[in-house]
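J.: need a structure here:
(one chain, ligands or ions: 1)
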Amino acid sequence: MELTFQKTASLKGAVTIPGDKSISHRSVMFGSLAKGDTRITNFLQGADCLSTIACFRNMGIDIENENDSVVVHGKGLHGLSKPEGILDVGNSGTTMRLMSGILAGQDFSCELIGDASIQKRPMGRIMKPLTEMGADIISIRNNGCAPLAIHGQQLKGIHYHSPVASAQVKSCVLLAGLYADGITSVTEPALSRNHTELMLSSFGADIKSEGLTASVHPDPMLIGQDITVPGDISSAAYFIVAALMVPGSELYIRNVGINPTRDGILRVCKAMGADIRMENVRTAGGEPVADLIVSSGSLHGTVIEGDIIPTLIDEIPVIAVLAAYADGETIIRNAEELKVKESNRLNIMVENLSAMGADIEGTSDGMIIRGGKPLHGVTVETHMDHRIAMSFVIASLIAEGTTTIRDADIVNVSYPNFYQDLERLK
Ligand code: S3P
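T.: Take a look at the predicted model:
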């Protein structure tokens, strides 16, 4: 599907953000490993999270999914059964990496596959620590990528120093740690999102975080929970940036998760001079949530580097769009992880934003953007990456002429109602 967009007049009104993708995945996974029912409200009905549901159903877990409300009839830590055929994670790195940690400690063997994008993403980063724990996990084509074959084993607890600040790596090792013979801990170079630590603790696991290290004790008794999934700040990011850039806009963005391991975009926007106010700060599903009021205005460039990077990693594409609008120079460093997301997001942002007229230069670990140049519409190849598609829809709102988004339905991965929500605000 191809969609076209034009420059827009001001955006006004309110939008309610759909459930957080990371938290939705975890609620189904941990619910499956818990005894009793887990009731999930505001579950994200995106393709990635539906892949997680399909995989756990395939391992014998009864999961009801009706009207945004999911009930997982968990069977306990040792209740999964050998799946029929190959587990297909679709486009979802979170499903593949977190589930591998769980599968490494089962008493059955299985294979995992996914789409063309997932088959290019590095799995060595989870195979290494899992192998240290005694797991039998191989890349079937011997290229460090999926498809993977996992033969479940008794695992041993390790202390892993992760070379990357990755919540998927951290969560994979901690989940394998539930099946280990002693304590498992992970130290990361900078703090990545901590949803696994928060949610596993609420299910009854003995899990602790101290600075950059998270540790888990094996063999907990996990008990089903009621979980209200907060809105996904990574989805809110598109409306935050749109409201800041399109002259005369004011948006009320409801139900946004503001966990400090995810809120880097808010800090960056404020450093650029943005007008963002917060209301109704509350807790949902053990996570902080707020409503945001975002108004347009002039912005200036900034430097984004170091420990803030993992807290806004998925938002960098749309932050690059914002930087192209802002006056002056924005420098993004330490963001090499963007090269191994659903696509090489560094290259693709530089390519497409340059084509639209932005002054942008790729570096080895980020980009330099000299903002304020007028943008014009082009045809955007999304490389089947949902965040590339949504970022360029937002860029189109301030670009002269027509912007065409190829494979526009890829947004279904994380935000199925994105286009409808945007149209209502125009
Ligand atoms: C996620 C962690 C991040 C993020 C991804 C979701 C998670 O990936 O980019 O969209 O749910 O744990 P990395 O762990 O590769 O940084």
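
J.: in the stretch 101-250 of the chain, which spans are strands?
T.: Under the criterion DSSP state E, counting those that start in this stretch, the stretch 101-250 of the chain carries strands at the ranges 109-113, 136-139, 148-151, 159-161, 184-187, 207-210, 213-216, 226-228, 250-257.

J.: could you list the contact residues of the stretch 1-150 of the chain toward the ligand?
T.: Residues of the stretch 1-150 of the chain found near the ligand, taking Cβ under 6 Å from any ligand atom as the criterion, are 22, 94. C-beta coordinates here come from the backbone N, C-alpha and C atoms, glycine included.

J.: and the residue of the stretch 1-150 of the chain closest to the ligand?
T.: Distance from the ligand to each residue of the stretch 1-150 of the chain (Cβ to the nearest ligand atom) is smallest for S22, at 3.2 Å.

J.: surely that residue forms part of a strand?
T.: No - under DSSP: H, G, I helix; E, B strand; the rest coil, S22 falls outside any strand and is assigned helix.

J.: who's in contact with it?
T.: S22 makes contacts with 94, 167, 193, 195, 232, as judged by Cβ atoms under 8 Å, 6 or more residues apart in numbering.

J.: farthest pair in these?
T.: A167 and D232 (14.1 Å; Cβ to Cβ).

J.: need the strands of the stretch 101-250 of the chain in TSV with mean neighbour count, distance to M1 and mean pLDDT, can you?
T.: Shown next, in TSV, are the strands of the stretch 101-250 of the chain (neighbours: other Cβ atoms under 10 Å; distance: least, Cβ to Cβ, whole Å; pLDDT from 0 to 100):
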stretch	mean neighbour count	distance to M1	mean pLDDT
strand 109-113	19	25	98
strand 136-139	17	33	98
strand 148-151	20	31	98
strand 159-161	17	42	98
strand 184-187	22	40	98
strand 207-210	15	42	98
strand 213-216	21	41	98
strand 226-228	20	32	97
strand 250-257	22	26	98
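
J.: can you redo these as TSV with distance to M390?
T.: Converted to TSV, the strands of the stretch 101-250 of the chain look like this (distance: least, Cβ to Cβ, whole Å):
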stretch	distance to M390
strand 109-113	26
strand 136-139	31
strand 148-151	29
strand 159-161	33
strand 184-187	31
strand 207-210	31
strand 213-216	31
strand 226-228	24
strand 250-257	15
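
J.: of all those, which one is nearest K35?
T.: Distance to K35, taken as Cβ to Cβ, is lowest for strand 226-228 among those, at 14.7 Å.

J.: chain center to that closest one, what's the gap?
T.: On the basis of Cα atoms, centre = their mean, to the nearest Å, the separation between the geometric centre of strand 226-228 and that of its chain is 19 Å.

J.: ok, residues contacting it?
T.: Strand 226-228 is contacted from outside by 23, 27, 31, 38-42, 199, 284-285, using Cβ under 8 Å, 6+ apart.

J.: thinking again about what came up before, and the residue of the stretch 1-150 of the chain closest to the ligand, how close does it get to S201?
T.: S22 sits at a distance of 16 Å from S201 (criterion: Cβ to Cβ, to the nearest Å).
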